[in-house]
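In: quick one, fold the following:
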Amino acid sequence: MRRETVVDDSVTEGASLQELILVVDDDPKIAVLVELYLTRAGYRVAVAGDGRAAVRLLRESEPALVVLDLMLPELDGRAVARVAREEAHIPIVMLSALSSIADRVSGLEAGADDYVAKPFAPSELVARVRSVLRRARPPAPSGGLRRGRLALDLDRHRVEVAGLGVELSAVEFELLASLVIAQGRVLTRDQLVDRLHPHGDGIQGRSIDVYIKRLRAKLGDDPTEPRFVETVRAVGYRAGTG
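Out: Take a look at the predicted model:
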């Protein structure tokens, strides 16, 4: 079982539509219920019905968080949690009908950030997902940022690629800094416009494409195989690995 649901932003409640939640449960009724509530909360949702499908989706989709049932066919939840932690450092909310203290400890030791016993209130699960995501997001740093060969000094507005200085305009610097601070998360054009708003009211969604083109040229980034600024088709941009 695999699908992805996207909800229109008219029904969101503050979640970023760029955050994909992977729901892994072999009970279709529970999976559909969790999917419904997370979708209403504004998240994109992918669903897997067994451990092997979950691992495949983890590697293909790079979700922001996994809602993971402990008892799964093919691979159990602990094995899936190890993959999520060791390969991608993805936060996990564990679900289980096992509710003893020992079971909770076992789930947390397997790598879960939170543990929710079945049966549960869907609204509580959504609240816990939000809480874990908030804790997982890095605070906006002040000072230096580094991503691969790319280094940014936020205080001095300086950029280096492999130790060589690069001259950027204020808008180009803020654009690059926004992408690097997001640490690989995709930012839409509208989100980037919001971050650039203090630098000019005339900046619009499609203007971002022009700034990205200039930014790549200054960074020496190949637009066909970019390393610093990647295009996510029909969505927006994200920082590459550098």
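
In: quick one: end-to-end distance for stretch 211-229.
Out: Criterion C-alpha to C-alpha, to the nearest Å; first-to-last residue distance in stretch 211-229 is 11 Å.

In: what's next to it, contact-wise?
Out: Outside of stretch 211-229, the residues within contact range by C-beta atoms under 8 Å, 6 or more residues apart in numbering are 147-150, 159, 161, 166-168, 171-172, 175-176, 179, 231, 237-242. Yep, even glycine has a C-beta here, placed from its N, CA and C like the rest.

In: ok, 10 Å please
Out: 147-150, 159, 161-162, 164, 166-169, 171-176, 179-180, 189, 192, 196, 203, 208, 230-231, 236-242 (C-beta atoms under 10 Å, 6 or more residues apart in numbering).

In: mind giving me the PyMOL command for buried ones among the residues you listed?
Out: Buried residues among the contacts of stretch 211-229 (16 or more other C-beta atoms under 10 Å), as a PyMOL selection:
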select buried, resi 147+150+159+161+166+168+171+172+173+174+175+176+179+180+189+192+196+203+208+230+231+236+237+238+239+240+242
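
In: filter the contacts of stretch 211-229 down to the ones in helices?
Out: Taking DSSP state H, the ones among the contacts of stretch 211-229 that sit in helices are 171-176, 179-180, 189, 192, 196, 208.

In: return the member of those nearest to residue 111.
Out: Nearest to residue 111 out of the ones in helices among the contacts of stretch 211-229 is residue 180 (C-beta to C-beta; 26.8 Å).

In: who are the neighbours in contact with that closest one?
Out: 141, 145-148, 150-152, 154, 159, 228-229, 238-240, 242.
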